[in-house]
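>>> Below are the sequence and a predicted model for it; my questions follow.
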Amino acid sequence: MGGITAGWRGFVAALTGLALLALAGASPAAAVDDPGGPERILDFDSTIAVETDGGAAVVETITVVARGDQIRRGIFRDIIVAVDSGFGRSTANLDVEAVRRDGEDEPYSVEWDGDTRRIRIGSGDVFLESGVHVYEIRYRFSDAVGFFEGYDELDWNVTGPNWDFPIERVRATVTLPAGATVLQSRAYTGAFGSGDENASTAQPSPGTIVFTTTTPLAANEGLTVAVGFPKGFVREPTATEIFLAQTMPAFVAGGGLFLVLGYFLWAWLRVGVDPPAGPIIPVYTPSLPPAAMRFLEKRRADGTGLAAALLDLAVKGHLTIAEADGGGLTLTRRTDGASRDPAASEAAVLAALFPGGAGTITLGSTSEDKRLAQTEGALAKFLNNKLLGEHLRGNLGWYAVGAVLTVLTWVAVVAVAPASEELIVFGIGGIVATVLTTVLGAKAGALWGDVRAGRWLSLIPAVFWSLVLVPLAVGFLVVLYGLVGAVGLVPALLLVATVVVNVVFFKLLPAPTEQGRAALDEIEGTRLYLSVAEADRLKFHNPPDRTLAHFEAMLPYAVALDLATPWTDRFKDLIAASAVTAAAAGAVGSTGWHPVWYGGGGLPTNFGSSFGDRISTSSQAGARAIAAAAARASGRSSSSGGGFSGGGRGGGGGGGW
């Protein structure tokens with residue numbers, strides 16, 4: 001008889017537990033009377049069903065009072081997904097299954113926010129009526145169970161300690177897997193870290209326990225519960241499985257980095273190593289035009305290259321350069337008196353600068369500076385089209401293979417990482433941010449190197465690109481932080497490293513052809529000749545006569561190779577001697593040597609370096625004016641845990657929006 005009675009008692013207890021669960025999981029669709037008062041949470045009811053795989057199926061029913069203050073369109077719910085264990089830090093999966101308001105489906109989105117996922121509930125263009133609203137959130141959370149010696153435990157933040165509103169009552173119903181019984185339980189209330197236990201417990205069945213707060217919770221206070229149960233009801237992953245699950249992204253990212261770096265090194269050894277340099281001998285009469293020399297060495301066109309081309313055109317008799325009133329420069333096209341034909345690149349400069357075949361431009365005005373900037377662009381286009389293919393192998397096909405391997409590495413990490421959606425977003429951002437930060441960082445570094453070398457014209461662009469780099473660097477750090485949150489610190493750094501390897505080898509893989517190697521040797525020979533002192537020049541084999549005509553002929557090359565000052569210093573005595581000779585001959589007002597292509601008195605001894613600076617300044621001003629005009633035309637601006645409250649897995653808090 002006693003056995004029958006005990007059996008009936010167990011049956012009744014089971015029915016009672018099922019009834020409580022049904023009531024806890026039910027979504028109240030009926031309207032709730034407005035009790036008045038400010039915005040707050042009237043009732044927070046949560047059911048947490050522990051599953052045999054260690055996850056938890058959660059239903060949260062949150063009854064709120066909305067007044068249009070903070071709760072205007074809806075509420076948001078933060079769920080902590082970072083999981084700490086003896087093997088480090090990983091990210092749990094959060095699968096939101098349904099969201100309802102007042103018994104009807106409600107739009108929502110899931111956002112990343114550090115170690116949490118934010119469920120934002122409501123629509124941006126729909127405002128709530130003032131009064132009581134009941135929200136129901138159904139989701140599944142992986143890795144909800146902690147494993148300890150002698151027992152397993154659910155340590156769960158029911159509300160989380162970061163709600164913006166007070167909560168009048170919280171009830172949490174925890175259901176264990178079939179057959180499991182509650183061995184021990186605790187409930188903690190209050191702010192994060194609090195050890196208060198202002199909650200009661202009831203156990204309608206051996207495998208079900210209900211926690212209810214006994215005092216209201218203030219804003220930023222919460223309820224955390226811990227329920228221990230026997231081992232064997234939830235499959236415990238092995239140490240190897242835990243280690244692999246938490247370190248697999250790092251292994252995959254590290255393997256990908258090794259593969260990408262290994263491939264690029266192999267490709268560089270196959271096709272990217274420059275041909276050996278030939279013997280460097282002084283070059284007195286270069287075959288390459290000066291702008292082409294600078295372009296091949298720098299692998300880019302700039303204002304100094306344009307200045308060298310213009311100066312070479314003047315020396316050959318196609319231009320005159322003069323000082324204008326107010327300190328500007330005038331460039332005049334000559335149609336007669338040319339002593340030598342222009343190089344093809346220089347002919348492109350003439351055609352762009354003087355489309356009508358003749359005329360004069362005065363630098364310093366916006367329209368003329370814009371024309372100069374367009375001419376620099378025409379020179380760059382010509383040199384890119386005519387020189388790169390003959391003198392440089394881009395090896396883009398070889399590079400593309402490494403880029404594909406890099407993308408596959410990111411895809412593989414997405415496949416093994418638990419937070420795959422976030423990794424996709426931050427992966428794209430990571431690639432873009434890393435490339436831009438690395439490239440622009442190198443550009444700013446090179447410009448500051450020019451400044452340290454005394455080329456002060458680079459100061460303004462160095463400051464500009466440094467200022468541009470600041471928000472990019474901040475964006476890079478934000479993306480890196482996102483990657484760390486999604487996959488961990490080590491995998492994030494390894495993924496970023498794969499992109500950096502791509503940037504580095506994008507510079508290293510291109511290699512000069514045999515013709516390009518010969519051109520680089522000629523450039524070095526020209527630099528050798530232009531930069532040595534007079535005593536060393538005399539040791540060269542059959543050096544040319546040291547005349548002012550030879551000084552003129554080589555001045556454009558000195559400008560192109562940033563050697564205008566040392567080249568001019570070697571001829572200062574001849575320039576001074578010409579002034580003395582002119583004075584002795586009685587030439588009134590003469591300052592000596594006066595090239596036919598220069599107007600405005602005697603040629604200043606610093607003309608080569610100052611001319612390059614002035615052309616670069618005007619071209620940059622023109623480029624800025626063109627960019628500003630384009631921006632105006634388009635309508636855009638031209639400005640460039642457990643044991644205390646809040647200590648478990650699960651809820652982080654919430655608020656209104």
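The structure has been received and is ready for your questions.
>>> In the stretch 401-550 of the chain, mark out all the strands, start to finish.
511-512 (DSSP state E, counting those that start in this stretch).
>>> Read off the pLDDT value for Arg40.
Arg40 is assigned a predicted lDDT (pLDDT) of 94.
>>> For it, list the residues it contacts.
Arg40 is in contact with 64-65, 165-168, counting by C-beta atoms under 8 Å, 6 or more residues apart in numbering. Heads up, the C-betas are built off the backbone N, CA and C, glycines and all.
>>> hmm, try it at 10 Å
63-67, 71, 163-168, 216, 219 (C-beta atoms under 10 Å, 6 or more residues apart in numbering).
>>> In space, what's closest to the most centrally placed residue in the chain - neighbours in sequence excluded?
Centroid-nearest residue in the chain, with C-alpha atoms, centre = their mean: Ala433, separated by 1.4 Å. Closest residue in space to Ala433, ignoring its immediate chain neighbours: Phe476 at 4.2 Å, by C-beta to C-beta, 6 or more residues apart in numbering.
>>> Give me the neighbour count for Ala442.
Look at Ala442: counted by other C-beta atoms under 10 Å, it has 13 neighbours.
>>> Weed out the non-buried ones from the contacts of Arg40.
Among the contacts of Arg40, those buried by neighbour count (16 or more other C-beta atoms under 10 Å) are 63-67, 71, 163-168, 219.
>>> wait, doesn't Gly54 sit right on Glu153?
No - contact between Gly54 and Glu153 fails when scored by C-beta atoms under 10 Å: they sit 11.3 Å apart.
>>> what is in contact with those two at once?
Common contact partners of Gly54 and Glu153 (C-beta under 10 Å, 6+ apart): 145-147, 234.
>>> who wins for neighbours among the residues you listed?
For the shared contacts of Gly54 and Glu153, neighbours tallied by other C-beta under 10 Å; top is Val145, 25 neighbours.
>>> Tell me who's in contact with the residue found closest to that one once you drop the neighbours it is linked to in the chain.
Excluding the flanking residues, the one nearest Val145 by C-beta to C-beta, 6+ apart is Gly54, at 4.4 Å. Residues near Gly54 by C-beta under 10 Å, 6+ apart: 92, 141-147, 152, 154, 234-237.
>>> Could you rerun that using 8 Å?
Gly54 is in contact with 142-145, 234-237, counting by C-beta under 8 Å, 6+ apart.
>>> Among the buried ones among the contacts of Arg40, which one lies nearest to Leu259?
Nearest to Leu259, judged by C-beta to C-beta, of those is Trp163 at 46.9 Å.
>>> hang on, isn't the closest one packed against Leu223?
No - Trp163 lies out of contact with Leu223 (C-beta atoms under 8 Å); the separation is 10.6 Å.
>>> Overlap in contacts, those two.
Leu217.
>>> Let me have the contacts of Arg40 in TSV, extended by distance to Ser531.
Listed next are the contacts of Arg40 as TSV, based on distance: C-beta to C-beta, whole Å:
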residue	distance to Ser531
Thr63	83
Val64	78
Val65	81
Ala66	77
Arg67	78
Ile71	74
Trp163	72
Asp164	69
Phe165	75
Pro166	78
Ile167	78
Glu168	84
Pro216	83
Ala219	73
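>>> Show me where the stretch 101-250 of the chain has its strands.
Under DSSP E, counting those that start in this stretch, the stretch 101-250 of the chain gives strands at 104-105, 108-113, 116-121, 131-141, 145-148, 151-157, 162-163, 170-175, 184-190, 199-205, 208-213, 222-229.
>>> Mind checking these for the one nearest to Ser46?
strand 170-175 (4.8 Å).
>>> Residues in contact with the closest one: which ones?
Counting by C-beta under 8 Å, 6+ apart, residues outside strand 170-175 touching it are 17, 20-21, 24, 43-50, 154, 156, 158-159, 199, 207-213, 217, 222-223, 225, 227.
>>> do that again at 7 Å, thanks
By C-beta atoms under 7 Å, 6 or more residues apart in numbering, the residues outside strand 170-175 that reach it are 20-21, 24, 44-50, 154, 158-159, 207-213, 217, 223, 225, 227.
>>> if we can go back for a sec, which pair of the shared contacts of Gly54 and Glu153 spans the longest distance?
Gly146 and Val234 (10.1 Å).
>>> what do these two both touch?
Asp152.
>>> With pLDDT and distance to Glu534 as extra columns, can I get the buried ones among the contacts of Arg40 in a markdown table?
Shown next, in a markdown table, are the buried ones among the contacts of Arg40 (pLDDT from 0 to 100; distance: C-beta to C-beta, whole Å):
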| residue | pLDDT | distance to Glu534 |
| --- | --- | --- |
| Thr63 | 96 | 93 |
| Val64 | 95 | 88 |
| Val65 | 94 | 92 |
| Ala66 | 93 | 88 |
| Arg67 | 92 | 88 |
| Ile71 | 93 | 84 |
| Trp163 | 90 | 82 |
| Asp164 | 89 | 80 |
| Phe165 | 91 | 85 |
| Pro166 | 94 | 88 |
| Ile167 | 94 | 89 |
| Glu168 | 95 | 94 |
| Ala219 | 91 | 83 |
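>>> now, which of these sits nearest Thr330?
The closest of the buried ones among the contacts of Arg40, once distances to Thr330 are taken by C-beta to C-beta, is Asp164, at 68.7 Å.
>>> any idea what sits nearest that closest one, other than its immediate chain neighbours?
Gly655 (3.8 Å).
>>> that's a strand at that neighbour, yeah?
Yes - assessed by DSSP: H, G, I helix; E, B strand; the rest coil, Gly655 belongs to a strand.
>>> my guess is it meets Gly122, correct?
No - the criterion here is C-beta atoms under 7 Å, and Gly655 misses it with Gly122 at 12.0 Å.
>>> Neighbour count: those two, which is higher?
Neighbours around Gly655 and Gly122, counted as other C-beta under 10 Å, are more numerous at Gly122. The numbers are 24 against 16.
>>> which residue sits closest to that one in space, ignoring its chain neighbours?
In space, and not counting its chain neighbours, Gly122 is closest to Gly74: 2.3 Å by C-beta to C-beta, 6+ apart.
>>> pretty sure that neighbour contacts Gly655?
No - in this structure Gly74 lies outside contact range of Gly655 using C-beta under 7 Å: 10.3 Å.
>>> State the distance from Gly122 to Gly232.
43 Å (C-beta to C-beta, to the nearest Å).
>>> cool, and Val96?
Taking C-beta to C-beta, one finds Val96 at 30 Å from Gly232.
>>> cool, Glu129 as well?
On the measure of C-beta to C-beta, Glu129 and Gly232 end up 51 Å apart.
>>> cool, and Thr47?
24 Å.
>>> Past the helix-or-strand element of the chain with minimal mean pLDDT, which element shows up next along the chain?
The weakest-scoring helix or strand in the chain, judged by mean pLDDT, DSSP states H and E, is helix 2-25 (a mean of 43). Using DSSP states H and E, the helix or strand that directly follows helix 2-25 along the chain is strand 40-50.
>>> circling back to that earlier point, now the shared contacts of Gly54 and Glu153 as CSV including distance to Asp312?
Formatted as CSV, the shared contacts of Gly54 and Glu153 follow (distance: C-beta to C-beta, whole Å):
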residue, distance to Asp312
Val145, 78
Gly146, 77
Phe147, 78
Val234, 81
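>>> quick one: which of the residues you listed is nearest to Phe611?
Of the shared contacts of Gly54 and Glu153, the one sitting nearest to Phe611 (C-beta to C-beta) turns out to be Gly146, at 74.5 Å.
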